[in-house]
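Undergrad: this one's structure only:
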């Protein structure tokens, strides 16, 4: 398919463990966004990439969270020393240029920290 | 800090009704605005994008408008159908190239 792909779809981990969440954007999309969504809430912005660089990482809650996009395509969101409060659905979106183009979202990764 | 309010939070209507969903921003300086629908367990699907030079967009039974003086947007759904049942989210961008979202309107259209 030509949509945004996120893996895994579900991840259960123990408190204190390290996790990586992967996002494959639509080919040719230079902008990539990570959001976090809790039940009954709207998506909360985490980080935005233009190409390989993080244009805005102001939404990352603390230094346990980090994201990379080394070749300007696939992105990985990394969470160290996970806490139960990190449990949420992590959504990735891509767009052709930025917010002046439609954002295409993946189905998300549901992270549960036990 | 930009905050987004969506009203109503939930709506349940019989099919065929025309609907109005509202979205308002505390900071009215919105450049680009998008409306999305979200089905349970899924990501968001873009419905309409109002770019900085525009005030309104239409697609089929959907029409969205943005009043930049007040920071309010309206999504109009004509002749609602059961397949329209979903959560509708608005996201606005005010010069930072990132969308800030409301908490959504949960819509149920029954036959």
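TA: Everything's here; your move. As the structure is a computational prediction, the values presented were derived from the model and not from experiment. Numbers count the residues shown, from 1 in each chain, chains lettered A, B, ... in the order given.
Undergrad: So which bits of chain B are right by chain A?
TA: Contact residues (Cβ under 8 Å from any Cβ of the partner chain) of chain B with chain A: B:4, B:31-32, B:34, B:36, B:41-46, B:49, B:51-52, B:89, B:91, B:93, B:96-104. Where C-beta positions appear, they are placed from N, C-alpha and C, glycine not excepted.
Undergrad: Contact partners for the nearest residue to residue A:51 once chain neighbours are set aside?
TA: Distance criterion Cβ to Cβ, 6 or more residues apart in numbering or on different chains; nearest residue to residue A:51, sequence neighbours excluded, is residue A:72 at 4.6 Å. Counting by Cβ atoms under 8 Å, 6 or more residues apart in numbering or on different chains, residue A:72 touches A:30, A:49, A:51-52.
Undergrad: Could you do residue B:22 as well?
TA: B:6-8, B:72-75.
Undergrad: Out of the residues you listed, grab the one that's most surrounded.
TA: residue B:73 (27 neighbours; other Cβ atoms under 10 Å in any protein chain shown).
Undergrad: Let me know the helix or strand that the residue nearest in space to the middle of chain A is in.
TA: The structure's chain A has its C-alpha centroid closest to residue A:34; by Cα atoms, centre = their mean the separation is 3.4 Å. When elements are assigned from DSSP states H and E, residue A:34 belongs to strand A:31-37.
Undergrad: and what of residue B:97?
TA: Under the assignment here (DSSP H and E), residue B:97 is part of no helix and no strand.
Undergrad: Verify the stated contact: it with residue A:97.
TA: No - between residue B:97 and residue A:97 there is no contact under Cβ atoms under 8 Å: 9.0 Å.
Undergrad: Now for these two: what residues contact both?
TA: In contact with both residue B:97 and residue A:97: residue A:31, using Cβ under 8 Å, 6+ apart.
Undergrad: coming back round to it: make TSV out of the contacts of residue B:22 and add secondary structure.
TA: Below are the contacts of residue B:22 laid out as TSV (DSSP: H, G, I helix; E, B strand; the rest coil):
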residue	secondary structure
B:6	strand
B:7	strand
B:8	coil
B:72	strand
B:73	strand
B:74	strand
B:75	strand
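Undergrad: Can you tell me which of these is closest to chain A?
TA: Nearest to chain A, judged by Cβ to the nearest Cβ, of those is residue B:6 at 8.0 Å.
Undergrad: list the buried ones in stretch B:47-61?
TA: B:47-50, B:57 (16 or more other Cβ atoms under 10 Å in any protein chain shown).
Undergrad: neighbouring contacts of the helix or strand bottoming out on mean pLDDT in chain A?
TA: Across the helices and strands of chain A, mean pLDDT, DSSP states H and E gives its lowest value to strand A:53-56, namely a mean of 92. Residues outside strand A:53-56 that contact it (Cβ under 8 Å, 6+ apart) are A:47-49, A:67, A:69, B:96-98.
Undergrad: And those residues, which two are furthest apart?
TA: A:69 and B:96 (18.4 Å; Cβ to Cβ).
Undergrad: Of the two, give the one with the bigger neighbour count.
TA: residue A:69 (20 against 16).
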